[in-house]
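Colleague: quick one: sequence plus predicted model below, questions after.
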Number of protein chains: 2
Amino acid sequence: MARDERGVTAQSEDFAAWYNEVVFKAGLVDRGPAKGTMVIRPYGYRLWELLQSELDRRIKDTGHENAYFPLLIPESYLGREAEHVEGFSPELAVVTRAGGKVLEEPLVVRPTSETVIGEMMAKWISSHRDLPLLLNQWANVVRWELRPRMFLRTTEFLWQEGHTAHVDEAAARRETMLALDIYHEVARELAAIPVVPGEKTPGERFAGAVATYTIEGMMRDGRALQSGTSHYMGTKFASAFDIRFTSEEGREKLCHTTSWGMSTRMIGGIVMTHGDDKGLVFPPRLAPHQVVIVPITRGGNVAVEEAADELARRLRSVGVRTHVDARPHLTPGFKYNEWEMRGVPVRLELGPRDLEARTVMMVKRLGDDGKQAVPIDSLPETMPGVLDDFQAFLLARATAFRDDHTRTVDIWEDFADAVSTGWALALHCGIAACEEEIKFLTAATPRCVPLGGEPEAGRCVRCGAASAYGKRVIFGRAY
Amino acid sequence: MARDERGVTAQSEDFAAWYNEVVFKAGLVDRGPAKGTMVIRPYGYRLWELLQSELDRRIKDTGHENAYFPLLIPESYLGREAEHVEGFSPELAVVTRAGGKVLEEPLVVRPTSETVIGEMMAKWISSHRDLPLLLNQWANVVRWELRPRMFLRTTEFLWQEGHTAHVDEAAARRETMLALDIYHEVARELAAIPVVPGEKTPGERFAGAVATYTIEGMMRDGRALQSGTSHYMGTKFASAFDIRFTSEEGREKLCHTTSWGMSTRMIGGIVMTHGDDKGLVFPPRLAPHQVVIVPITRGGNVAVEEAADELARRLRSVGVRTHVDARPHLTPGFKYNEWEMRGVPVRLELGPRDLEARTVMMVKRLGDDGKQAVPIDSLPETMPGVLDDFQAFLLARATAFRDDHTRTVDIWEDFADAVSTGWALALHCGIAACEEEIKFLTAATPRCVPLGGEPEAGRCVRCGAASAYGKRVIFGRAY
């Protein structure tokens, strides 16, 4: 396989190998000792923290409160909602021994928390005055994976899960869309992933949901990554866990509930949306280091080292996350390659001659500018704008890529061709057997019915039956 | 039992009952469905978030990086360090089934992460240039508890665990003390708990540690609460997990490691250090609501409601966490009682006549001021100072309580008396059998050898043998 000098397989050569090499080499992740588990290393975890703080702020600003619910749930709880248990049973990890004894009732390690939170909601809600109840939890969850892939499918992952209860369907549906809007904004504005928001077809719904909404991102291999989901549960979980309230008119009613989640999977999405043959490319708004300064000191140059530190201080004072790579035992060239591979948006090279001229060489991770000498003293003023432009550039580039790899198709031959390199926008009959057949033939599944799609009707691209959903569906191969 | 109108048992009557009632009634916590698990409700979780953000900042400012390690650890890992497995075996929860199959090797749910982090450190460290490796993790851990108590001993709790590796003993011991200093500062300056930092006696050490340091707080029933611990591991875990580096001189050496943790137990400590018969008393720096405004509207008064909202906005703009309790169906008196019980430092009552006079009635949760009319417009300027004073008052009060309940004792009769209401400062022989006997007779254990204690030697308070440790030891009954 063709590898460049950093030892990373080319994206075009083998995308899966590229991904797997890059997440390890860049220091985002490592394999845990138990099968399918991952260690999120500091560089990857910092990205998660930055995403988390932005998402948490939006969740709080819309009136939700954080809480924490138990990891271990009695196995019988899962069974209270029939579709839910059917969906999750194959993925459960079960504690059968504890404190040196065999447990009377085994405990499952939460795969998601609808059941335990449903139980608590039933205790906490009695009147319409207790509604809406708007909860969120940051937690780890465990779903046994036979074919783990770092960040995308791992036995354990980190996420937030919102769980809310409302007086009626209209209020719960508004909440479902509010959460989806937050995810859309976070994906687009922070991760620079031009996701498409839409509704899942019945076959792709969350186990136990009445309606599931998703944001779908297109990765650079043309596949779709489901990057956040929001579910309207109707009264299914309220029935199963007896979540009732007395209405203003004094009548006892079931609540309507929702749940919604975004996870460390987003890190994988960022890697696969922006990365290239040189390695990672991080969007500035989530990059652990937005700027790396490499002082060129050739065996020690105090003036250059001090100037690098001083510049870093000034950049930090205007809110730019800046790292000085002062490691004495490595060459500048090695550092340039390393920080390119690790996706830092902007590199500043500072040597003795630059310092004399009061300039630094600025190199962006992507774009056509090449090296550029810029006055040191202008950087605190200009750098925020440089980073904003880079952020906008990544979003525009990813949007163009997505649009170039999305085709509106009306005949089967075009469909099969479209989903081999990207997405197909097609009419579909909505019949489960037809979906299955498409999946069998092309590995593509309906990713969503886009919210923004134009009303359209006609014949199913595969079977020719009358189309469902009132508009075109996005089909693609998915992670 | 004597209960006041809020239905809370008096502290003096039955401290354990008081604690248990107050944490539930104040909405800090609820019982999870599985035995010994807890739900941290939004009001309790907010306190944790505030503590967490302050602690996290200090951990990062001292050069540590956050990362995340797997929840599930192969059972055999625990056994690699003999003392470690002996200490934790009785408390383990074990996953034996996953993905519908019986696992070949069972997985323990982490009770702490030395083993899995040790394994990763061995992979990541090769040169002295990789040291120190300064890691921290925010996570949930599971330790099976037969006698659970909310926040204090629960089957699952939340914490941070720092894990670091160093070139030699001196560096690792410095790190151990640095972590202890951070805990000391957080407990004292934020939680207003005048903890005593000290070293654990050998019998009270962490399983596998060479030295364990602790901060011990005195609760209002005179018992001690271990509120954070920091461990110097020597090379024990480095040997067990093969954590080696090549020194500057090219020699292969074992690392010296440390670990340190602070947990949601702190919430229990805050409750038991400051609470009284009316309920909770929160230190302003960690209070979810520092100020609650109760508008007195008698069935609706738009001017008063708007003035309350406006005042809240102005207080928030100067960084005061302010809540307006505008619930229309509850009386002001009910609200006063509720927010007293829930520990809000300052209450502001605002009625139509107050508004006319441009004043509010200010009531502090503790102290001898009673109600006080203060000009509305002065509050944004004065409130931060009022809160600082309240914070200082709580620390001074708790310090006085601790000192009043700590006695320097030299004879056994005084010892037994001292530990029935507080702590005894006594000389001890350091012999395990003598420690055991003291525990059997009085339920008191050595809490720590205080770092600040004066050098002193003499005879053991119990057995009369020569004293150890070179100074007095704090003995007390503990949580």
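Modeller: Structure's in. What do you need? Numbering: from 1, shown residues only, chains lettered A, B, ... in the order given.
Colleague: who does residue A:31 form a beta bridge with?
Modeller: Residue A:31 has these beta-bridge partners by DSSP bridges: residue A:38.
Colleague: looking at it, it is touching residue A:41, isn't it?
Modeller: No - using CB atoms under 8 Å as the test, residue A:31 is too far from residue A:41 to be in contact (11.1 Å). Every C-beta, even on glycine, is put in place using the N, C-alpha and C of the backbone.
Colleague: which of the two has more neighbours?
Modeller: Legend: neighbour count by other CB atoms under 10 Å in any protein chain shown for residue A:31 and residue A:41, higher for residue A:41 (22 against 17).
Colleague: my guess is the more buried one contacts residue A:27. True?
Modeller: Yes - counting by CB under 8 Å, residue A:27 is a contact partner of residue A:41 at 5.2 Å.
Colleague: tell me the residue of the stretch 101-250 of chain A that sits nearest chain B?
Modeller: residue A:144 (3.5 Å; CB to the nearest CB).
Colleague: quick one: which helix or strand includes that residue?
Modeller: Assessed by DSSP states H and E, residue A:144 sits outside every helix and strand.
Colleague: show me the helices in chain A, by range?
Modeller: Secondary structure of chain A (DSSP state H): helices at A:15-25, A:42-61, A:75-78, A:82-88, A:114-124, A:169-185, A:236-241, A:265-274, A:302-317, A:332-341, A:352-356, A:379-404, A:412-421, A:432-442.
Colleague: hey, least reliable of the ones you listed by pLDDT?
Modeller: Mean pLDDT is lowest for helix A:82-88 among the helices of chain A, at a mean of 86.
Colleague: quick one: it near chain B?
Modeller: No - using CB under 8 Å from any CB of the partner chain, helix A:82-88 never reaches chain B; the gap is at least 11.3 Å.
Colleague: got the CA coordinates for that helix in CSV?
Modeller: Presented in CSV, the C-alpha positions along helix A:82-88 are these (Å, rounded to 0.1, in the frame of the first residue of the first chain):
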residue,chain,number,x,y,z
ALA,A,82,-41.4,-4.5,24.2
GLU,A,83,-39.7,-2.8,21.2
HIS,A,84,-37.1,-1.3,23.5
VAL,A,85,-35.9,-4.7,24.9
GLU,A,86,-36.0,-6.3,21.5
GLY,A,87,-33.7,-3.6,20.1
PHE,A,88,-31.2,-3.6,22.9
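Colleague: so what touches that helix?
Modeller: The contact list for helix A:82-88 (CB atoms under 8 Å, 6 or more residues apart in numbering or on different chains) reads A:78-79, A:111-112, A:114-115, A:143, A:206-208, A:236-237, A:240.
Colleague: one more: stretch A:317-333?
Modeller: For stretch A:317-333, using CB under 8 Å, 6+ apart, the contacting residues are A:287-297, A:300, A:305, A:308-309, A:311-312, A:315-316, A:335, A:339, A:344, A:349, A:380-381, A:383-384, A:387, B:129.
Colleague: identify the residues contacting the nearest residue to residue A:471 once chain neighbours are set aside.
Modeller: In space, and not counting its chain neighbours, residue A:471 is closest to residue A:453: 4.0 Å by CB to CB, 6 or more residues apart in numbering or on different chains. Residue A:453 makes contact with A:198, A:425, A:471-472, according to CB under 8 Å, 6+ apart.
Colleague: now the end-to-end length of stretch A:422-433.
Modeller: End-to-end distance for stretch A:422-433: 23 Å, by CA to CA, to the nearest Å.
Colleague: mind putting the helices of chain A into TSV with mean neighbour count?
Modeller: Listed next are the helices of chain A as TSV, based on neighbours: other CB atoms under 10 Å in any protein chain shown:
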stretch	mean neighbour count
helix A:15-25	19
helix A:42-61	18
helix A:75-78	20
helix A:82-88	17
helix A:114-124	24
helix A:169-185	20
helix A:236-241	23
helix A:265-274	26
helix A:302-317	16
helix A:332-341	17
helix A:352-356	14
helix A:379-404	17
helix A:412-421	17
helix A:432-442	15
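Colleague: just give the nearest non-adjacent residue to residue A:48, would you?
Modeller: Going by CB to CB, 6+ apart, residue A:48 has residue A:264 as its nearest residue, at 5.9 Å.
Colleague: where does the one you found fall, phi/psi-wise?
Modeller: Torsion angles at residue A:264 (phi, psi; degrees, to the nearest 10) stand at phi -60, psi -10.
Colleague: burial check on the closest residue to residue A:60 other than its chain neighbours, number of neighbours?
Modeller: Among residues not flanking residue A:60 along the chain, residue A:66 sits closest, at 7.6 Å (CB to CB, 6+ apart). The number of residues packed near residue A:66 is 19, by other CB under 10 Å.
Colleague: and the one 5 residues further on, by the same measure?
Modeller: The criterion is other CB under 10 Å. On that basis, residue A:71 has 27 neighbouring residues.
Colleague: that one and residue B:156 touch, don't they?
Modeller: Yes - when contacts are counted by CB under 8 Å, residue A:71 is listed as touching residue B:156 (5.4 Å).
Colleague: mutual contacts of the two, please.
Modeller: Joint contacts of residue A:71 and residue B:156 (CB under 8 Å, 6+ apart) are B:37, B:140, B:142.
Colleague: wait, what's in contact with the first one?
Modeller: It stands for residue B:37. Residues in contact with residue B:37 (CB under 8 Å, 6+ apart) are A:70-72, B:31, B:154-156.
Colleague: ok so, going back, including neighbour count and pLDDT, could the contacts of residue A:453 go into TSV?
Modeller: As requested, the contacts of residue A:453 are arranged in TSV below (neighbours: other CB atoms under 10 Å in any protein chain shown; pLDDT from 0 to 100):
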residue	neighbour count	pLDDT
A:198	23	98
A:425	21	98
A:471	18	96
A:472	24	97
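Colleague: what parts of the stretch 301-450 of chain A come near chain B?
Modeller: A:327, A:329.
Colleague: I meant to write the stretch 151-300 of chain A there.
Modeller: So the stretch 151-300 of chain A meets chain B at A:155-156, A:158 (CB under 8 Å from any CB).
Colleague: if we use 10 Å, what do you get?
Modeller: A:154-158, A:264, A:288 (CB under 10 Å from any CB of the partner chain).
Colleague: for the residues you listed, which one is nearest residue B:362?
Modeller: residue A:158 (42.9 Å; CB to CB).
Colleague: so how many other residues sit close to the closest residue to the closest one other than its chain neighbours?
Modeller: Spatially, and ignoring its direct neighbours in sequence, residue A:158 is nearest to residue A:264 (4.7 Å; CB to CB, 6+ apart). The number of residues packed near residue A:264 is 26, by other CB under 10 Å.
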